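Peer 1: pasting the sequence and the predicted model now:
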Amino acid sequence: MSSEPPPPSQHPTHQSSAGLLDTQQARDRSPSPLRGNVVPSPLPTRRTRTFSATVRASQGPIYRGVCKCFCRSKGHGFITPADGGPDIFLHISDVEGEYVPVEGDEVTYKMCSIPPKNEKLQAVEVVITHLAPGTKHETWSGHIVSS
């Protein structure tokens with residue numbers, strides 16, 4: 001038996017304040033295909049909607065309503081139908097025209113069901129017919145216009 005100290009560990013360790021040993025070695029991880037990306041939305045946007053759903057929606061009646069809210073950064077909002085009933089979901093890809101909708105804008109739209117159960121409705125082909133008075137409207141390019 002020799003009195004030599006044991007050989008140093010290949011991976012340096014230190015004791016944390018909780019008394020546990022932590023390794024300072026970098027973890028080797030396999031690259032994930034989703035790392036750094038946003039999880040895809042299950043909602044059907046204009047790009048992901050099937051052709052048959054698009055045709056059914058375009059052949060449907062035109063409804064009127066008022067924009068209840070819309071968040072450009074989140075990419076969605078809601079429309080309150082003029083004839084009452086529950087609010088209708090609005091996706092950013094379904095807005096036609098040059099202005100970002102804001103609360104109080106009068107709009108026309110058609111409706112499409114949302115899969116997988118097709119129980120809820122989504123507004124498609126949304127057109128702003130009257131800008132809400134006294135509000136600032138932004139164009140998709142970023143210019144601000146007062147109405």
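Peer 2: Thanks, I have it. Please read all numbers here as calculations on a predicted model, not as lab measurements.
Peer 1: any weak-confidence spans in this structure?
Peer 2: Within the chain, the ranges that satisfy pLDDT under 70 run 1-49, 147.
Peer 1: what do you get if the cut-off is 90, keeping everything else the same?
Peer 2: Counting by pLDDT under 90, the low-confidence segments of the chain come to 1-60, 72-73, 75, 93, 97-98, 112-121, 135-147.
Peer 1: what are the ranges of the helices in this structure?
Peer 2: 51-59 (DSSP state H).
Peer 1: what are the buried residues along the longest strand anywhere in the chain?
Peer 2: Secondary structure of the chain per DSSP state E: the longest strand is strand 120-130. Applying a neighbour-count criterion of 16 or more other Cβ atoms under 10 Å, the buried positions in strand 120-130 are 121, 122, 123, 124, 125, 126, 128. (Each C-beta comes from the backbone N, C-alpha and C, glycine too.)
Peer 1: nearest residue to the third one in space, ignoring adjacent ones along the chain?
Peer 2: Taking Cβ to Cβ, 6 or more residues apart in numbering, and ignoring the residues beside it in sequence, residue 123 has residue 109 as its nearest neighbour in space, at 4.0 Å.
Peer 1: run a quick neighbour tally on the residue nearest to residue 71 when sequence neighbours are not counted.
Peer 2: Distances taken as Cβ to Cβ, 6+ apart put residue 77 closest to residue 71, at 6.2 Å, once the chain neighbours are dropped. With neighbours defined by other Cβ atoms under 10 Å, the count for residue 77 comes to 24.
Peer 1: how far away is residue 77 from residue 59?
Peer 2: In this structure, residue 77 lies at 25 Å from residue 59, with Cβ to Cβ, to the nearest Å as the measure.
Peer 1: one step back: tell me what angle the longest strand of the chain forms with helix 51-59.
Peer 2: What separates the directions of strand 120-130 and helix 51-59 is an angle of 40 degrees, with axes from the mean of the first three to the mean of the last three Cα atoms, to 10 degrees.
Peer 1: which members of the buried residues of strand 120-130 define the maximum pairwise distance?
Peer 2: Distances among the buried residues of strand 120-130 were taken as Cβ to Cβ; the most separated pair is 121 and 128, at 19.2 Å.
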